[in-house]
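Asker: got a sequence here, can you build the structure:
(one chain, ligands or ions: 1)
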Amino acid sequence: MENTLNEKIKIGISACMYGAKVRYNSKGFNILGYLKREKNDFLWTPICPEVMSGLSVPRSTIRLIGGNGFDFWEGGAQVKNRLGKNVSGMLKAGTLSCFETLKRVDVDAYIFMEGSPTCGIYRTTLKNERFGKPPGILGALLLKEQMFLIPALDLQSPLKWWDWKRRLVAFTWFKKKDLNTLCEFFECWDILKILCQEIDEESAENVNNSLKNFSNKTDPKKFKEIQIEILNILRKPSDPKKIKKWLWKNYNHLKKVHGIEVSRIRHPEYLRGVTHVAEEILRVELEARKIKKCFRSSPIDYAPGR
Ligand code: SF4
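Answerer: This next block holds a predicted model:
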């Protein structure tokens, strides 16, 4: 099976992180500047639910009262601005319009500004009020939709971005697969297995067991269930310790099986910063892709437009 994704990945992004000066204080930040030319490998859809709601720039800050984003959609929470004005109706209309845009474009992922009562996922305030009432209003819709969600600030770290990107590429590649036979499923799992083991060993083992115990070899419902289980594993971030451990293992596998030699790939215990680890990974990836071999830490080759 071909382990390449040629189609450009479509990503929605909080407009204030795309450089648009749409925050309440007329500020914005070009987080994609960290990706440099790699930015061109993706198709971007920036949205700002607060501006689409008709709230001006600048504007007074807003907050969720009486619950989180899920409660808001069920009528149990409201959004008020600092002057006490209830702007729930406006927010509902603007957020739904942005959400519909993301669905119309059929984005594969969304990069969110954390700490916003609208776009936030794990916190809805940037102030010292713990985490606020997460998720935010748009955040709740995105979580329900099971969107692949990336925190914008993680783009600043080369290693965190590499981790998000390899999983997003694998996620998009696998999500688009129309699996009809157990054999096809095994071929995909063979490609993704090692990455899933790195991310979450226990869940990967569960997938292994489900596949072994498959009774009906053409049950589309069961295929779908396991496919969702694998996609859920791919949403979870790894960490530097695991990344270094599996870089070493997977590099040695390439060396042994395909004779690939890359200089200065360090043992996991060797002390170095995350930028050096990211640079080592990219060199191994490059050598593996040159001879069309699968580097199991980032098993899907992302080659948009090739
Ligand atoms: S966090 Fe979301 S709603 Fe707030 S300014 Fe940025 S894009 Fe707009």
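Asker: may I ask which helix or strand encompasses Thr124?
Answerer: Following DSSP states H and E, one finds Thr124 outside all helices and strands.
Asker: these two touch, right, it and Phe112?
Answerer: No. Assessed by C-beta atoms under 8 Å, Thr124 is found out of contact with Phe112, at 11.2 Å. In this view, the C-beta of every residue, glycine as well, is placed from N, C-alpha and C.
Asker: name the residues contacting each of the two.
Answerer: Gly139 (C-beta atoms under 8 Å, 6 or more residues apart in numbering).
Asker: residues near Trp246, how many?
Answerer: 21 (other C-beta atoms under 10 Å).
Asker: if you could redo that for Ile260, that was the one I meant.
Answerer: 18.
Asker: likewise Trp173?
Answerer: Other residues close to Trp173 by other C-beta under 10 Å number 24.
Asker: who are the contact partners of it?
Answerer: By C-beta under 8 Å, 6+ apart, the neighbours of Trp173 are 3, 5, 300.
Asker: now the residue nearest to Ile31 when sequence neighbours are not counted, what are its backbone angles?
Answerer: Distances taken as C-beta to C-beta, 6 or more residues apart in numbering place Met17 nearest to Ile31, at 4.5 Å, with adjacent residues excluded. Main-chain torsions, Met17, degrees, to the nearest 10: phi -90, psi -10.
Asker: wouldn't Met17 be in contact with Ile111 here?
Answerer: Yes. Counting by C-beta under 8 Å, Met17 touches Ile111, with 6.3 Å between them.
Asker: mind listing the shared neighbours of those two?
Answerer: Common contacts of Met17 and Ile111, defined by C-beta under 8 Å, 6+ apart, comprise 31, 152.
Asker: just give the number of residues close to the residue lying closest to Tyr18 once chain neighbours are set aside.
Answerer: Once flanking residues are discounted, Tyr18 sits nearest to Pro46: 3.9 Å by C-beta to C-beta, 6+ apart. Number of residues near Pro46 (other C-beta under 10 Å) recorded here: 19.
Asker: which SS class is Pro46?
Answerer: strand (DSSP: H, G, I helix; E, B strand; the rest coil).
Asker: and for Asn206?
Answerer: Asn206 ends up helix, using three-state DSSP.
Asker: any low-confidence regions in this structure?
Answerer: 128-129, 215-218, 306 (pLDDT under 70).
Asker: got the residues of it near the ligand?
Answerer: Within the chain, the positions lying close to the ligand (C-beta under 6 Å from any ligand atom) are 14-16, 22-23, 48-50, 113, 116, 118-119.
Asker: go again with 8 Å.
Answerer: 14-17, 20, 22-24, 28, 46-51, 112-113, 115-116, 118-120, 138 (C-beta under 8 Å from any ligand atom).
Asker: all helices of the protein, in order?
Answerer: 49-52, 69-73, 88-105, 137-144, 158-175, 182-199, 201-212, 220-235, 240-258, 274-290 (DSSP state H).
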